[in-house]
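> What follows is a predicted protein model with its sequence.
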Amino acid sequence: MNVALVKNDSGPAASSLLSAALGRLPGTGKVVDIRREAFSAFERTGLPHRRIEEWKYTDLRALMREVLPLAGAPDAAALARAKTVLASVAVDGARKLVLVDGVFVAELSDISASEDGVKVHTLREALQSAGSERLLETTVNDAMVLLNGALATDGVLISVADGAKLSHPLQIIHIATASQASRASRSHLSVGNGAQATLIESAIAADGASGYQANDAVVVSLGDDAALSTIRLMRDAGDAVNITSAKYEVGARSKLNLFNMTTGGAVSRLQGFITLKGEGSELIINGVNLLRDRQHGDLTLVVDHAVPGCTSRENFRAVLDDRAHSVFQGRIIVRPDAQQTDGKMMTRALLLSDEAEADSKPELEIFADDVSCGHGATAGALDDSLLFYLQARGLPEKQAQALLIQAFVGEAIEAIEDDSLRERVIAAAQDWMEARA
């Protein structure tokens, strides 16, 4: 059934999007009620647009226009295509958890290679149990989060026990095989007190997948004295839309290290809502957008310092060619009781074309007086004198540019603690630069 939600439509056609999907979405009773409530709230606002401050630079009514119908469950042919592309993103040694068009696929996942202290379930299974409606509850007032809560088809629920220190990363892999369709998934990760884990999130399109829309969400909680490193590598199809919402809660003396790199997709947005709710917690966020043609990439972050003595660092780099558009929105909130907060953010954009565009909107909302907070933003072209220096020593122009670009994004990439993962990200950046040649 080809039912779409047009940007200004909130009538019968909009309602039929949920009605057409309910028959195959997991959950009954209160789960269905939660879905209906979320979709009704979404209908009241529709797709986000430029008159909503948080979406000022990413107007989905113009960029996305409509919500496509949910993709069907992948058939044998789709799974074969997914298996073919899986090898290109699977990280050696990582435990793979694969979702194809928003549906968990056990035969492509490492469901039997579990380390002690880790439990993995699927959202679809969990939603059959009493009380599971909380897994779809929306605590963030955002249209795309509401839509995700209404239409989430599947996801993974990962629990890391207290004190467990995982020796291998967990990798959630989203593979798109359908065209002109949407997907919605929601995953949860709980890292116990004193536990340590690494999570890799990857998105890629199988051959032939085009024009799809992804609306994914991840909900993460860290206990006290825990540590989590998250690396996101987005390589969607060139005409795809990917909106990912991530909610994190960080306990006392815990450390959360996030890295995001976007190289694919026509429209991509990661919106992160992070609450430092335990004293002495630490947050490090680094991001890189490598965009060309008419790509649009958006990193929007809200960091809430809710308690005293927490530290946050945000460092973002964008490299833009042709008519690409990059957006960084960063808000640091310091609550009245959050004394001795140390929060900094910096964004830099490198414009390789006169038609490229970079928008930055750093914000500080400070309600305490004993704090150290700041922000900065720069944008500019490659240094002509450095280019001349390199070319005078025999390097072709594109190779000279690639060296300078690599140095520009290097500070953000170097924040990845794992050597092998860092090298993988460097290789992905080099692939992007070589494609420019």
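That came in fine, so what should we check first?

> what comes up buried for the helix or strand where Tyr389 lies?
Secondary structure assigned from DSSP states H and E places Tyr389 in helix 384-392. By neighbour count on 16 or more other CB atoms under 10 Å, the buried set for helix 384-392 is Leu387, Leu390. Bear in mind the C-beta positions are built from the backbone N, C-alpha and C, glycine included.

> Beyond it, next helix or strand please.
Per DSSP H and E, helix 384-392 leads on to helix 397-413 as the next helix or strand towards the C-terminus.

> Please point out which parts of that next one sit buried.
Taking 16+ other CB under 10 Å as the neighbour-count basis, helix 397-413 is seen to contain the buried residues Ala400, Gln401, Ala402, Ile405, Phe408, Val409, Ala412, Ile413.

> With stretch 358-377 instead?
Buried, per 16+ other CB under 10 Å, within stretch 358-377: Ala358, Asp359, Ser360, Lys361, Pro362, Ile366, Ala368, Val371, Cys373, His375, Ala377.

> Now do it: distance to the chain's middle.
Relative to its chain's centre, stretch 358-377 lies at 22 Å (CA atoms, centre = their mean, to the nearest Å).

> Outside of that stretch itself, list whatever touches it.
With contact meaning CB atoms under 8 Å, 6 or more residues apart in numbering, stretch 358-377 is reached by 56-57, 318, 320, 325-349, 351, 379.

> Helices of the stretch 101-250 of the chain, start to end?
Under the criterion DSSP state H, counting those that start in this stretch, the stretch 101-250 of the chain carries helices at the ranges 123-126, 143-151.

> What mean pLDDT does the last one get?
Helix 143-151 shows a mean pLDDT of 96 in the predicted model.

> packing partners for that helix?
With contacts defined as 3 or more CB pairs under 8 Å, 6 or more residues apart in numbering; DSSP states H and E, the secondary structure elements packing on helix 143-151 are helix 12-22, helix 30-45, strand 182-191, strand 213-222, strand 241-250.

> could you give the angle of that helix to helix 30-45?
Between helix 143-151 and helix 30-45, the angle comes out at 150 degrees (axes from the mean of the first three to the mean of the last three CA atoms, to 10 degrees).

> Rounded mean pLDDT for stretch 95-113, please.
Confidence over stretch 95-113, taken as the mean pLDDT, stands at 93.

> Quick check: buried residues in it?
Counting neighbours by 16+ other CB under 10 Å, the buried set in stretch 95-113 is 95-105, 108-110.

> Using CSV, lay out these together with distance to Thr28.
Output for the buried residues of stretch 95-113, formatted as CSV (distance: CB to CB, whole Å):
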residue, distance to Thr28
Arg95, 31
Lys96, 30
Leu97, 25
Val98, 26
Leu99, 22
Val100, 24
Asp101, 23
Gly102, 19
Val103, 19
Phe104, 19
Val105, 24
Leu108, 28
Ser109, 26
Asp110, 30
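
> Just the closest of these to Lys277, please.
Checking the buried residues of stretch 95-113 against Lys277 by CB to CB gives Leu97 as the nearest, at 26.7 Å.

> Is that closest one in a helix, a strand, or coil?
When states are read from DSSP: H, G, I helix; E, B strand; the rest coil, the local structure at Leu97 comes out as strand.

> That one and Val105 touch, don't they?
No. Distance between Leu97 and Val105: 9.4 Å, which falls outside the contact criterion (CB atoms under 8 Å).

> In the chain, what helix or strand scores lowest on average pLDDT?
Ranked by mean pLDDT, DSSP states H and E, the weakest helix or strand in the chain is strand 5-6, scoring a mean of 41.

> just checking, which of the buried residues of stretch 358-377 belong to strands?
Using DSSP state E to define strands, the subset of those located there is Ala358, Asp359, Ser360, Lys361, Pro362, Ile366, Val371, Cys373, His375, Ala377.

> Which member of these is positioned nearest Ile243?
Within those, distances to Ile243 taken as CB to CB reach their minimum at Asp359, with 17.4 Å.

> Need the pLDDT of the closest one.
97.

> For it, give its distance to Ser16.
Note on Asp359: its distance to Ser16, by CB to CB, to the nearest Å, is 36 Å.

> and what of Leu86?
Distance check for Leu86 against Ser16: by CB to CB, it reads 34 Å.

> neighbour-wise, which of these two wins?
More crowded of Leu86 and Ser16, by other CB atoms under 10 Å: Leu86, with 20 against 15.

> The more buried one: what's its closest spatial neighbour, skipping adjacent residues?
Beyond its immediate neighbours in the sequence, the residue positioned closest to Leu86 (CB to CB, 6 or more residues apart in numbering) is Leu108, lying 6.1 Å away.

> got the contact list for the one you found?
Here Leu108 is in contact with Leu79, Ala82, Lys83, Leu86, Lys96, Val98, Val100 (criterion: CB under 8 Å, 6+ apart).

> What number of residues are in the vicinity of Asn315?
The number of residues packed around Asn315, counting by other CB under 10 Å, is 18.

> ok, back up a step: quick one: which two of the contacts of Leu108 are the most distant?
Farthest apart among those by CB to CB are Leu79 and Lys96. That separation is 14.2 Å.

> Please list all residues in contact with Trp55.
Residues near Trp55 by CB under 8 Å, 6+ apart: Pro48, His49.

> how far away is it from Val103?
According to CB to CB, Trp55 and Val103 sit 28 Å apart.

> What of Ile52?
Applying CB to CB, one obtains 31 Å for the distance of Ile52 from Val103.

> can you check Pro48 too?
Using CB to CB, we find Pro48 at a distance of 26 Å from Val103.

> And Arg134, by the same measure?
From Arg134 over to Val103 (counting by CB to CB), the distance is 22 Å.

> Kindly indicate which of the buried residues of stretch 95-113 lies nearest Gln391.
Here the nearest of the buried residues of stretch 95-113 to Gln391, counting by CB to CB, is Lys96; it sits at 43.6 Å.

> quick revisit: farthest-separated two in the buried residues of stretch 95-113?
Greatest spatial distance among the buried residues of stretch 95-113 (CB to CB): Arg95 and Asp101, at 21.2 Å.

> Assign a three-state SS to the residue lying closest to Ile413 once chain neighbours are set aside, would you?
Nearest non-adjacent residue to Ile413, counting by CB to CB, 6+ apart: Val425, 5.3 Å away. Three-state secondary structure (criterion: three-state DSSP) places Val425 in helix.

> try Leu290
Here Leu290 is strand, with the state taken from three-state DSSP.

> so it touches Met261, yeah?
Yes. With contact defined as CB under 8 Å, Leu290 counts as touching Met261 (7.1 Å).
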